[in-house]
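S.K.: next input, structure requested:
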Amino acid sequence: MRIAMIGLGRMGANIARRLMRGGHEIVAFDRNPPLVDMLAGEGATAAASLEEVAAKLEGPRIFWVMLPAGPPTESTIETLMGLASPGDIIIDGGNSFYKDDIRRAKLCAMKGLHYVDVGTSGGVWGLDRGYCMMIGGDAATLDSLDPLFEAMAPGFGTIARTPDRGGPNEDTRAEKGYIHAGPAGSGHFVKMVHNGIEYGLMQAYAEGFDILKGKSSAKLPEDERFDLNLTDIAEVWRRGSVISSWLLDLTATALAKDQMLEQFSGQVADSGEGHWTIEAAMEEAVPAYVLSAALFARYRSRVDTTFGDKLLSAMRFGFGGHVEMPQ
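M.R.: Numbering: from 1, shown residues only. Take a look at the predicted model:
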């Protein structure tokens, strides 16, 4: 299939590369020409404008937008709606707010366009590991895009199959790493909650290792102080422990490089999904103690930094290449 990739940052460029590995053709565009040139050197077709992107595709055209949520995505999709023809497909693969997807899908439908939202997880490792995708939109459009999603996804891999799966209402593609979550907006809603959970998991690791590190504090009685090796603890927990995970793998890697994590500022950013998850919890009257505390801890980290905050920065750098270095 031939598809336009608009936005060639850490995620967009690697998604394009993985699609090309799967035999698909990419028309590449970014406001930064060197990024376009780099991907063109790897086999993509370069485009210098959105108008040129549209001209280099044949109907029904597929436009994949991989830009930061907010104005960059909003203005790009608005421009594409003016360039697209009935039957064309606009995909937002970034981290947009799901209510924006619902609004855009209605506008696209009025023009005869199809709108798909793809919550995409995998970070900078997705090129080789594959991407986990939570997809919203109408079933017929998603079915037409299935070869793209299958090429991007991890596939069955070596993960053991879950016992007792196989019911009539289950999406068999979940075992490959992608699902049709529901109508427009549902893909980004599921990804939003995924990221909210991610905040909570990361905060739990950060606080735990902060407690371990603090056990050598001079504030404690001398016979109760332990000088614990955090690198060894992270490593042993990776092997047979009930709290083993990819986030713990990233933690172990960061601590092995520098147990004090001096290269990280610990001033932890949030990209919006955690905030939106708490908003959704309030709308649904669902208590979300852990997720809200994890979000508030990130706000606090920008004022008063702890070792645990540095560990959060290290994990964010590990999975997403997010840079939070000391100023």
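S.K.: so where do the helices sit in the stretch 201-327 of the chain?
M.R.: Taking DSSP state H, counting those that start in this stretch as the test, the helices found in the stretch 201-327 of the chain are 230-237, 246-257, 273-284, 289-301, 307-320.
S.K.: can you show me the strands along the stretch 151-300 of the chain?
M.R.: 178-182 (DSSP state E, counting those that start in this stretch).
S.K.: so, low pLDDT: which residues of this protein?
M.R.: Residue ranges of the chain with pLDDT under 70: 325-327.
S.K.: my read: Ser271 touches Ser96, true?
M.R.: No: the pair Ser271 / Ser96 is not scored as a contact, 11.1 Å apart, by Cβ atoms under 8 Å. C-betas here are computed from N, CA, C, even on glycine.
S.K.: so for the two, which residue has more residues nearby?
M.R.: More crowded of Ser271 and Ser96, by other Cβ atoms under 10 Å: Ser96, with 29 against 15.
S.K.: and that one, what is it in contact with?
M.R.: Counting by Cβ atoms under 8 Å, 6 or more residues apart in numbering, Ser96 touches 69, 73, 117, 188.
S.K.: TSV please, covering these and showing secondary structure and neighbour count.
M.R.: Below are those laid out as TSV (DSSP: H, G, I helix; E, B strand; the rest coil; neighbours: other Cβ atoms under 10 Å):
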residue	secondary structure	neighbour count
Ala69	coil	18
Thr73	helix	23
Asp117	strand	31
His188	helix	31
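S.K.: need the residues you listed in TSV with distance to Leu295, can you?
M.R.: Formatted as TSV, the contacts of Ser96 follow (distance: Cβ to Cβ, whole Å):
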residue	distance to Leu295
Ala69	16
Thr73	22
Asp117	22
His188	18
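S.K.: from Ala181, how far off is the most centrally placed residue in the chain?
M.R.: Using Cα atoms, centre = their mean, the residue of the chain that lies closest to the mean C-alpha position is Ser121, 3.5 Å off. Ser121 sits 13 Å away from Ala181, going by Cβ to Cβ, to the nearest Å.
S.K.: before we move on, what about Val124?
M.R.: Look at Val124 and Ala181: by Cβ to Cβ, they are 24 Å apart.
S.K.: sorry, back to before: what's the overlap in contacts for Ser121 and Ala181?
M.R.: Common neighbours of Ser121 and Ala181, counting by Cβ under 8 Å, 6+ apart, are Met134.
S.K.: the residue nearest to the centre of the chain: what's it in contact with?
M.R.: Here Ser121 is in contact with 131-134, 191, 194 (criterion: Cβ under 8 Å, 6+ apart).
S.K.: repeat that with 10 Å
M.R.: Residues in contact with Ser121 (Cβ atoms under 10 Å, 6 or more residues apart in numbering) are 11, 95, 131-134, 177, 191, 194-195, 198, 319-320.
S.K.: filter those down to just the ones in helices.
M.R.: 11, 191, 194-195, 198, 319-320 (DSSP state H).
S.K.: are any of those residues buried, and which?
M.R.: For the ones in helices among the contacts of Ser121, a burial check counting by 16 or more other Cβ atoms under 10 Å picks out 11, 191, 195, 198, 319-320.
S.K.: which of those residues sit farthest apart?
M.R.: Met11 and Glu198 (15.5 Å; Cβ to Cβ).
S.K.: neighbours of Gln176, how many?
M.R.: Actually, residue 176 is Lys rather than Gln. 18.
S.K.: meant to ask about Met152
M.R.: 26.
S.K.: wait, isn't it in contact with Arg173?
M.R.: No: look at Met152 against Arg173 with Cβ atoms under 10 Å: they stay out of range, at 11.7 Å.
S.K.: hey, what's in contact with both of the two?
M.R.: Any residue near both Met152 and Arg173 by Cβ under 10 Å, 6+ apart counts here, and that gives Met133.
S.K.: wait, is Val118 part of a strand?
M.R.: Yes: under DSSP: H, G, I helix; E, B strand; the rest coil, Val118 falls within a strand.
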